[in-house]
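In: Have a look; sequence and predicted model below, questions after that.
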Amino acid sequence: MSEQFLYTTPLDPRAQPLVEGLTFEYDSRYGDVLREPGAAREMDRYPPEVFAPPHGNFVLLLRDGIAIGGGAFMRHDERTAELKRVWTHTDLRRQGLASKVLLELEAQVRRQGYERIYLTTGFRQPEAVGLYRGHGYTALFEEVADPEVPRKLPFEKHLVVPRHHGQTAAVLSEAVQR
């Protein structure tokens, strides 16, 4: 069993499980509160070009050539990348795959020169909230609000960006831990 990251585009046929899985996830969790056309509208909100370099990127986590997870980011502002579409296959959850995808996206965000990551998740995604908190993201929302009130939950994380693009991952890792 081999795993690898593949930087590609949302239009890549291998990305289809990600798109279908996310659409099903959004419909399952938010179908009663999303306005029509719901999940399809959310998935089509951003054209594939926003997830392309130099301002964004789209990655799949492949296991033996099959997409089991993935995620993307796009430019939020000059210093900030916005994470989107972080996902793992439903049958493979609780294996640390989302953490792998998140760490890979963070590394690529740094390589592309961003200093901050911004993201939102939904109010019915406690797993995502736990993932982001567990990776040092700061909640930018009022945490005492009713958990069933429809709302987006924004987070941010400030990154240490290498001054020299030739820095190794080990040096970068040390810099982040300081």
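Out: That came through, no problem. None of these values were measured; they are calculated from a predicted model.

In: Every contact and neighbour count from this point should use C-alpha atoms.
Out: Noted.

In: what sits up against stretch 62-77?
Out: 1-6, 14-15, 17-18, 50-52, 55-61, 81-89, 92, 97-98, 101-102, 105, 109, 118 (C-alpha atoms under 8 Å, 6 or more residues apart in numbering).

In: Regarding the protein, what is its longest strand?
Out: In the chain, ranked by residue count with DSSP state E as the criterion, the top strand is strand 66-77.

In: so after that strand, what's the next helix or strand?
Out: Reading on from strand 66-77 to the C-terminus, the next helix or strand found by DSSP states H and E is strand 80-88.

In: Give the buried residues for the helix or strand following that next one.
Out: Stepping forward along the backbone from strand 80-88, the first helix or strand reached (DSSP H and E) is helix 97-111. By neighbour count with 16 or more other C-alpha atoms under 10 Å, helix 97-111 contains the buried residues L97, A98, S99, V101, L102, E104, L105, E106, A107, Q108, V109, R110.

In: One more: stretch 19-34?
Out: Taking 16+ other C-alpha under 10 Å as the basis for neighbour counts, the residues of stretch 19-34 that come out buried are V19, G21, L22, T23, E25, Y26, D27, Y30.

In: From K152, how far out is F141?
Out: According to C-alpha to C-alpha, to the nearest Å, F141 and K152 sit 9 Å apart.

In: which of the buried residues of helix 97-111 sit farthest apart?
Out: In those, two members sit farther apart than any others by C-alpha to C-alpha. They are L97 and R110, at 20.1 Å.

In: Okay then, goodbye and thanks.
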